[in-house]
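In: let's see this in three dimensions:
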Amino acid sequence: MRRVITLKEALADFLRDAGLELSDLLSAMDEDPEGIIESLMARVEIDEEEARRLERTFTARQLNLLIFVIHTFYYANPSGYYKGYLIYPPREMVVGPSGKVTREGLQLVMRSLGLVPGVAR
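Out: Residues are numbered from 1 along each chain as shown. Next up is the predicted model:
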């Protein structure tokens, strides 16, 4: 039997274990649009135009959440598991052969987190 945890559930558990609130974490992250765009382009297979489109569509806090989640659950954790549970969406659906998150993978991550354009969470 395969045990699965959603990305949103894994994030909530991770923050709880670290004794952090999501707002605390996001407040400590870069709100500079240039820094956010550079971070996105370093982790996701998108060009600058696509990164700017994301910047116009989502809040800085939402984009920082994406960057944090991608780094924590897909880059720093190549196993794809969290506490023995397979993270959904799984790494093979999110990260491409280049080692970066694909456009499709980014969409899966955004959906899994429940991100809605321009609505801060």
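
In: give the next helix or strand downstream of the helix or strand of the chain with the lowest mean pLDDT.
Out: For the chain, using mean pLDDT, DSSP states H and E, the weakest element among its helices and strands is helix 22-27, scoring a mean of 84. Later in the chain than helix 22-27, the nearest helix or strand by DSSP states H and E is helix 33-43.

In: CA atoms of that following helix as PDB?
Out: Taking C-alpha atoms only, helix 33-43 is exported to PDB below (Å, rounded to 0.1, in the frame of the first residue of the first chain):
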ATOM      1  CA  PRO A  33      10.100  41.600  -7.700                       C
ATOM      2  CA  GLU A  34      13.600  41.200  -9.300                       C
ATOM      3  CA  GLY A  35      14.700  38.800  -6.600                       C
ATOM      4  CA  ILE A  36      11.500  36.800  -6.900                       C
ATOM      5  CA  ILE A  37      11.800  36.600 -10.700                       C
ATOM      6  CA  GLU A  38      15.400  35.400 -10.400                       C
ATOM      7  CA  SER A  39      14.500  32.800  -7.900                       C
ATOM      8  CA  LEU A  40      11.600  31.500 -10.100                       C
ATOM      9  CA  MET A  41      13.800  31.400 -13.200                       C
ATOM     10  CA  ALA A  42      16.500  29.500 -11.300                       C
ATOM     11  CA  ARG A  43      14.000  26.800 -10.200                       C
END
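
In: other residues contacting the helix or strand that it is followed by?
Out: Per DSSP H and E, the first helix or strand lying C-terminal to helix 33-43 is helix 48-57. Residues outside helix 48-57 that contact it (Cβ atoms under 8 Å, 6 or more residues apart in numbering) are P33, I36, I37, L40, M41, V44, I46, L63, R103, P117, G118. The way it works is simple: take the backbone N, C-alpha and C, and place the C-beta from them, glycine included.

In: just the buried residues out of the residues you listed, in PyMOL syntax.
Out: The PyMOL command for the buried members of these (criterion: 16 or more other Cβ atoms under 10 Å) is given here:
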select buried, resi 36+37+40+44+46+63
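
In: pLDDT below threshold where in this structure?
Out: Residues of the chain meeting the criterion pLDDT under 70: 1-2, 30, 118-121.

In: okay, now the closest residue in space to E21 that isn't next to it in sequence: neighbour count?
Out: Counting by Cβ to Cβ, 6 or more residues apart in numbering, E21 lies nearest to L15, which is 6.9 Å off, once chain neighbours are set aside. For L15, the number of neighbouring residues by other Cβ atoms under 10 Å comes to 15.
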